[in-house]
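*Asks:* Curious how this folds, go ahead:
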Amino acid sequence: MNLRGAEKKLKKLYEVKDKLLIERKKVVMNCAQGIRAVHVGKYALARSKLKTAKTNMKELEALVRKNPGLSNLLNICYQEIVELESLLSVIETGKLPDVDVPPDAYLLGVLDALGELKRTAMGLLMKGKYDDALKLYETMEDIHYSIEGFAFPNSLVDGFKRKQDVMKHVLEKLYDTLVEAKMRGNGKSKN
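*Replies:* Modelled structure (predicted):
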C-alpha cells in the first residue's frame with residue numbers, strides 16, 4: 001500500500017458508501033409504506049412492499065459483501081424489515097417470525113414492531129373490538145416479557161435498553177387505555 005493506492009481505495013469505498021446510503025432509502029421507504037398499509041387493512045399491499053424491500057436488500061447485501069467495512073450501514077434496513085415482518089406476523093398468526101438478519105437488528109426491529117402493534121390495538125378499540133385489542137395486548141406483553149430479561153450494552157446492541165424502556169411504557173399506557181375502555185363499558189365486544 002502507498003498513498004496513491006490508499007487514496008484510490010478510499011475514494012472507491014466512499015462512492016460505494018454513497019450508493020448504499022441512497023439505495024437503503026428504498027428499503028426503508030417500502031417498509032414504511034408497508035406499515036401504513038397494515039394500519040389501513042391492506043395486508044396484500046404490505047406483503048408486496050415487504051417483498052420489494054427484501055429484493056432491494058439483497059442488492060445492498062451484494063454491495064456490502066464486496067465492501068464489508070460498510071456492513072453497519074445496513075442495520076437500519078434490517079430493523080425496518082423485521083419491524084414490518086413482525087407486525088404482519090403477529091397480526092396474522094399471533095407469533096413473531098424468524099427473519100434472517102443480524103441478532104441486534106432483529107431485537108431492535110421487534111421492539112419497534114411493538115409500537116406499531118399498539119397503534120393497531122388502539123385502532124381496534126376505536127372500532128369497538130375490545131376483545132381483539134385485548135388479545136393483541138396480551139401477545140405484545142408476552143413478547144415484551146420474553147425480551148425483558150435481556151441485558152446488552154449499547155456497544156453490542158445500540159439503543160436496546162432505551163427501546164426496552166420505551167416499550168414498557170407503551171405497554172403500560174395501552175393497559176391503562178384497555179382498563180378505561182372496560183370500565184366505561186366499551187369493553188363489550190362488537191366483533
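
*Asks:* What strand or helix carries Leu50?
*Replies:* According to DSSP states H and E, Leu50 maps onto helix 43-66.

*Asks:* Likewise for Lys173?
*Replies:* Using DSSP H and E, Lys173 falls in helix 160-183.

*Asks:* Could you do Lys95 as well?
*Replies:* Using DSSP H and E, no element contains Lys95; it sits outside every helix and strand.

*Asks:* Not including adjacent chain positions, what is the nearest residue to it?
*Replies:* Nearest residue to Lys95 in three dimensions, chain neighbours excluded: Ser89, at 6.2 Å (Cβ to Cβ, 6 or more residues apart in numbering). (Glycine included, C-beta is placed from N, CA and C.)

*Asks:* Next up, the contacts around the one you found.
*Replies:* Applying Cβ atoms under 8 Å, 6 or more residues apart in numbering, we find Ser89 in contact with 95-97.

*Asks:* Counting neighbours, which of those end up buried?
*Replies:* Those of the contacts of Ser89 that meet the buried threshold are 96-97, by 16 or more other Cβ atoms under 10 Å.

*Asks:* which of the contacts of Ser89 lies closest to Ser146?
*Replies:* Closest approach to Ser146 among these (Cβ to Cβ): Leu96, at 8.6 Å.

*Asks:* Low-confidence ranges, the chain, go.
*Replies:* Residues of the chain meeting the criterion pLDDT under 70: 186-191.

*Asks:* thinking again about what came up before, residues touching the helix holding Lys173, excluding its own?
*Replies:* 104, 107-108, 111-112, 114-115, 118, 121-122, 125, 130, 133-134, 137, 140-141, 144, 147-148, 150-152, 154, 187.

*Asks:* quick revisit: specify which member of the contacts of Ser89 is nearest to Leu10.
*Replies:* Leu10 lies nearest to Pro97 out of the contacts of Ser89, by Cβ to Cβ, at 38.6 Å.

*Asks:* tell me the contacts of the residue nearest the centre of the chain?
*Replies:* The residue lying closest to the centre of the chain (Cα atoms, centre = their mean) is Glu83, at 1.9 Å. Glu83 makes contacts with 31, 35, 109-110, 112-113, 116, as judged by Cβ under 8 Å, 6+ apart.

*Asks:* Give me the helices and strands touching the longest helix seen in the chain, please.
*Replies:* In the chain, taking DSSP state H as the definition, the longest helix is helix 3-39. In terms of contacts (3 or more Cβ pairs under 8 Å, 6 or more residues apart in numbering; DSSP states H and E), helix 3-39 is packed against helix 43-66, helix 75-93, helix 103-126.

*Asks:* what's the angle from that helix to helix 75-93?
*Replies:* 20 degrees (axes from the mean of the first three to the mean of the last three Cα atoms, to 10 degrees).

*Asks:* Give the buried residues for helix 3-39.
*Replies:* Along helix 3-39, these residues count as buried under the neighbour rule (16+ other Cβ under 10 Å): 16, 20, 23-24, 26-28, 30-31, 33-35, 37-38.
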